[in-house]
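Engineer: return atomic coordinates for the entry below.
(2 chains)
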Amino acid sequence: MIRKELVAASAEPLVLSLLSKGESYGYAIIQEVKARSDGKLNWTDGMLYPVLHRMEHRGLIKSRWAESETGRKRKYYSLKKDGKTAMARHHEQWSLVHSVLAGLRKEQYV
Amino acid sequence: MFNLEQSVSEWRQQMLAAGIKTPVLLEELEIHLREEIERQMKSGTNTQMAFEISVRRIGQPKILKHEFQKIERTSMKRSFMLIVGWLAACFILVAGLFRAEWVLNLFNWNPESWDWSIPVSAAGVLVGITAVWFLAKASRDSASRVASLLVCFFLVWLAIQVLPAEPLDHSGFLGRSESSPLWYRSGLALLLCVPVIFWSWWERRRAVQMRHSTRGNQYVQT
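Structural biologist: Prediction:
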């Protein structure tokens, strides 16, 4: 299981990256993160909503209410212009951390 | 006999009691709860167990409330700071410019009439310009960006007034009867154009970042 500090730090970039594929709603976002991480990234479901609301307040994403095909009301979130910029910044920073870690690991094996 | 609707209603009451009172938020959480119950039941779990698992997954009402409170506080503080910041920056800028021109005749300045209040007033204008630039940078919403662009245009218009076409006359706003030294007028005009240069640079930087992020997405999708 991944440490909760890392889970918290990765929440925003993951949500931004998922929304860059198209609009989505809270439940689907959680399910996709679980599926993509084989259940290792375990979010407390309710904690996603404060993250989404915070990102909405910061102007990174926007939301709209719509009805699903089953007739259930859902709040769909989508990326805003500033969200795309924030996502690019996150990718840059996470890539940097990853490359430093990978480099150090490689050195250990040499 | 377990009653799902009644249990959901009781869960809603618990959320309300914990302080989650925003209807939109509560509705969003309830929809999530129902989707999870449905998924659990489809995988063969009985209704009561599905409800209990889903409630556990959503999390403790008090912890959720605490997280939402943090957002409300941050959002209110940020909005307040931005409004105060814009008001202060615009006041300093306008007051500085008007005092500079009408009281000290700054745009029509003559080196022989040196006065220490002139650099003080010029510093006020500089502080105003810097504040506008920082606020434009900090503002994430389009309304603030438009406001900052308008201030930039206003400053460019002033810059044009600082370097007037000859011959000089008394007509119009900031009309002058005698010319300040060219080095002085050019410097002042350049200073007033600085926010526009920064604004354009910043917007261009955002556009480049966005292009990169779009390319990244295409790569991920293929």
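
Engineer: what residue ranges in chain B score low on pLDDT?
Structural biologist: Applying pLDDT under 70 to chain B flags the ranges B:75, B:79, B:82, B:86, B:97-111, B:113-114, B:133, B:135-144, B:165-179, B:206-222.

Engineer: what residue spans form the domains of it?
Structural biologist: B:4-59, B:85-221 (automatic domain parsing).

Engineer: tell me where chain A has helices.
Structural biologist: Counting by DSSP state H, chain A has helices at residues A:4-19, A:26-36, A:48-57, A:81-109.

Engineer: just chain B next, same as before
Structural biologist: Going by DSSP H, chain B shows helices at B:4-18, B:23-42, B:47-58, B:61-98, B:117-138, B:142-162, B:182-221.

Engineer: need the ones you listed in JSON lines with distance to A:Ile30, can you?
Structural biologist: Quick note: C-beta positions are derived from backbone N, CA and C, even for glycine. Output for those, formatted as JSON lines (distance: least, Cβ to Cβ, whole Å):
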{"stretch": "helix B:4-18", "distance to A:Ile30": "18"}
{"stretch": "helix B:23-42", "distance to A:Ile30": "8"}
{"stretch": "helix B:47-58", "distance to A:Ile30": "9"}
{"stretch": "helix B:61-98", "distance to A:Ile30": "14"}
{"stretch": "helix B:117-138", "distance to A:Ile30": "32"}
{"stretch": "helix B:142-162", "distance to A:Ile30": "30"}
{"stretch": "helix B:182-221", "distance to A:Ile30": "20"}
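
Engineer: let me see the contact set for the residue nearest to A:Pro13 when sequence neighbours are not counted.
Structural biologist: With Cβ to Cβ, 6 or more residues apart in numbering or on different chains as the measure, A:His90 is the residue that lies nearest to A:Pro13, at 3.7 Å, once sequence neighbours are left out. Applying Cβ atoms under 8 Å, 6 or more residues apart in numbering or on different chains, one finds that A:His90 lies in contact with A:12-13, A:16-17.

Engineer: could you rerun that using 10 Å?
Structural biologist: By Cβ atoms under 10 Å, 6 or more residues apart in numbering or on different chains, the contact set of A:His90 is A:9-10, A:12-14, A:16-17, B:213.

Engineer: and what of A:Pro13?
Structural biologist: Taking Cβ under 10 Å, 6+ apart, we find A:Pro13 in contact with A:86-87, A:89-91, A:93-94.

Engineer: any buried residues in stretch A:84-92, and which?
Structural biologist: Going by neighbour count (16 or more other Cβ atoms under 10 Å in any protein chain shown), the buried part of stretch A:84-92 is A:84-88, A:90-91.

Engineer: what is the burial count for A:Trp94?
Structural biologist: 14 (other Cβ atoms under 10 Å in any protein chain shown).

Engineer: before we move on, back to that, what's the most buried one of the helices of chain A?
Structural biologist: helix A:48-57 (a mean of 20; mean count of other Cβ atoms under 10 Å in any protein chain shown).

Engineer: pLDDT added to the buried residues of stretch A:84-92, as JSON lines?
Structural biologist: As requested, the buried residues of stretch A:84-92 are arranged in JSON lines below (pLDDT from 0 to 100):
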{"residue": "A:Lys84", "pLDDT": "91"}
{"residue": "A:Thr85", "pLDDT": "90"}
{"residue": "A:Ala86", "pLDDT": "92"}
{"residue": "A:Met87", "pLDDT": "93"}
{"residue": "A:Ala88", "pLDDT": "92"}
{"residue": "A:His90", "pLDDT": "94"}
{"residue": "A:His91", "pLDDT": "93"}
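
Engineer: ok, so of these, who is nearest chain B?
Structural biologist: Of all those, A:Ala88 has the smallest distance to chain B: 3.7 Å, by Cβ to the nearest Cβ.

Engineer: let me know whether that closest one touches A:Leu79 as I believe.
Structural biologist: No - judged on Cβ atoms under 10 Å, A:Ala88 makes no contact with A:Leu79 at a distance of 11.4 Å.

Engineer: if we can go back for a sec, among the contacts of A:Pro13, which pair sits farthest apart?
Structural biologist: The span of those, defined through Cβ to Cβ, is set by A:Ala86 and A:Trp94 at 12.3 Å.

Engineer: how much space between B:Ser117 and A:Gly22?
Structural biologist: Noted for B:Ser117: a distance of 60 Å to A:Gly22, by Cβ to Cβ, to the nearest Å.

Engineer: swap in A:Arg89?
Structural biologist: From A:Arg89 to A:Gly22 the distance is 21 Å (Cβ to Cβ).

Engineer: how about B:Ala95?
Structural biologist: Distance from B:Ala95 to A:Gly22, counting by Cβ to Cβ: 49 Å.

Engineer: in terms of neighbours, single out the busier of those two.
Structural biologist: Per other Cβ under 10 Å, whichever of B:Ala95 and A:Gly22 has more neighbours is B:Ala95, with 14 against 9.

Engineer: dump the residue contacts of the more buried one.
Structural biologist: So B:Ala95 contacts B:121, B:124-125, B:128 (Cβ under 10 Å, 6+ apart).

Engineer: let's see 8 Å
Structural biologist: Contacts here follow Cβ under 8 Å, 6+ apart; on that basis B:Ala95 touches B:Gly124.
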